[in-house]
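# Prediction below, plus the sequence it came from.
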Amino acid sequence: MAVQHRWSDAAAREAIARYGVQGVSEDLALRTYSARLLGADPELVLHGGGNTSVKTTVHGLLGEAIRVLCVKGSGWDLGTIEPPGHPAVRLEPLQALRALESLSDEAMVAAQRQNLIDPAAPNPSVEALLHAFLPHTFVDHTHSIALLALADQPDAAAVCREVYGDRVALVPYVMPGFALAKAAALAYEAAAAAGHEPEGMVLLQHGLFSFGATAEQSYDRMIDLVRRAEERLARGERSLHAVA
């Protein structure tokens, strides 16, 4: 079954209005709306996996503006996520961690919790730093079935480059956490510096990232990138049938 493009401008406006009554910003309302679209598609997300984020601004007790990363929290399912499922974490302290040579998982979790706007919020995703180190407003991450069928191949890098050209940055397999966040940021920046502004990233043997200035742009890119993986798989199956 192919991935479905489910974005609706009317539904997006309805989400903004519905969550706005609860005091939720437009950015977070759209983040919630598109995260649920991704989570509802089993071709993209299985068993609640994947993570999403938006960089936005909240106001502190004294009215000061605070730049934050609202990123999927542990224990939330993307298919049913609500605004509290993207807890706000102060963005600048997260970005400053990139200067470190290494950071244990325990220290990373502690740093993220120390910078939560709401100390009672759930732990941010283990991939929160990866989202923080990218410059884009909206970032989506899925474990697309079609993409993984390509990214798990022995020649995955060559296959993905054939499928996507310079549309994505490629990141060799690294366990999720601080090291992966740094590797992904470097891969993105290297591609951008070479004049190829990526629309997403393929994490080999792991999954797919897309990003954009708006929730719709990041979502559109995710669906298009997955569809291209599906088309490549279909071509391979046709070739096998022809040989048989």
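Received it, and whenever you're ready, just let me know what you need. Numbers count the residues shown, from 1 in each chain.
# Of all the residues in the helix or strand hosting E106, which ones are buried?
Element membership for E106 (DSSP states H and E) is helix 105-114. Within helix 105-114, the residues that count as buried by 16 or more other CB atoms under 10 Å are 108-109, 111-112. Where you see a C-beta, it was placed from the backbone N, CA and C, and this is true even at glycine.
# Against which helices or strands is the helix or strand bottoming out on mean pLDDT in the chain packed?
Least confident helix or strand of the chain, by mean pLDDT, DSSP states H and E, is helix 215-243 with a mean of 83. If you count contacts as 3 or more CB pairs under 8 Å, 6 or more residues apart in numbering; DSSP states H and E, helix 215-243 packs onto helix 26-39, strand 138-142, helix 145-151, helix 156-164, strand 200-203, strand 207-212.
# List the contacts of the second one.
The set of residues that contact strand 138-142 without belonging to it, under CB atoms under 8 Å, 6 or more residues apart in numbering, is 30-31, 34-35, 38, 44-45, 49-54, 127, 130-131, 207-215, 217-219, 222, 226.
# Report the strands that pair with it, each with its relative direction.
strand 51-59 (antiparallel), strand 207-212 (antiparallel) (DSSP bridges).
# Ok, which of these comes nearest P119?
Minimum separation from P119 across these (CB to CB) falls at strand 51-59, 14.3 Å.
# List the buried residues for that closest one?
So for strand 51-59, counting by 16+ other CB under 10 Å, buried means 51-56, 58.
# follow-up on the earlier one: buried ones among the contacts of strand 138-142?
30-31, 34-35, 38, 44-45, 50-54, 127, 130-131, 207-212, 215, 217-219, 222, 226.
# And for A183, the neighbour number?
By the criterion of other CB atoms under 10 Å, A183 has 17 neighbours.
# now it: how far from V171?
To V171, A183 is 6 Å away according to CB to CB, to the nearest Å.
# Same check on F138?
19 Å.
# Those two: who's more crowded?
Taking other CB under 10 Å, F138 and V171 do not tie; F138 has more neighbours (26 against 22).
# what's the pLDDT at the more buried one?
According to the prediction, F138 has pLDDT 98.
# do the same with G49
The model reports G49 with a pLDDT of 76.
# bridging residues for the residue nearest to the spatial centre of the chain?
In the chain, the C-alpha nearest the mean C-alpha coordinate belongs to D140, at 2.4 Å (CA atoms, centre = their mean). With DSSP bridges as the criterion, D140 is bridged to T52, S210.
# Next, format the strands paired with strand 138-142 as TSV and append distance to E230.
Formatted as TSV, the strands paired with strand 138-142 follow (distance: least, CB to CB, whole Å):
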stretch	distance to E230
strand 51-59	21
strand 207-212	12
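# closest to D118 out of the ones you listed?
For those, the distance to D118 is smallest for strand 51-59, at 10.0 Å, taking CB to CB.
# tilt between the closest one and helix 26-39?
If you take axes from the mean of the first three to the mean of the last three CA atoms, to 10 degrees, strand 51-59 sits at 170 degrees to helix 26-39.
# can you give me the angle strand 51-59 makes with helix 215-243?
170 degrees.
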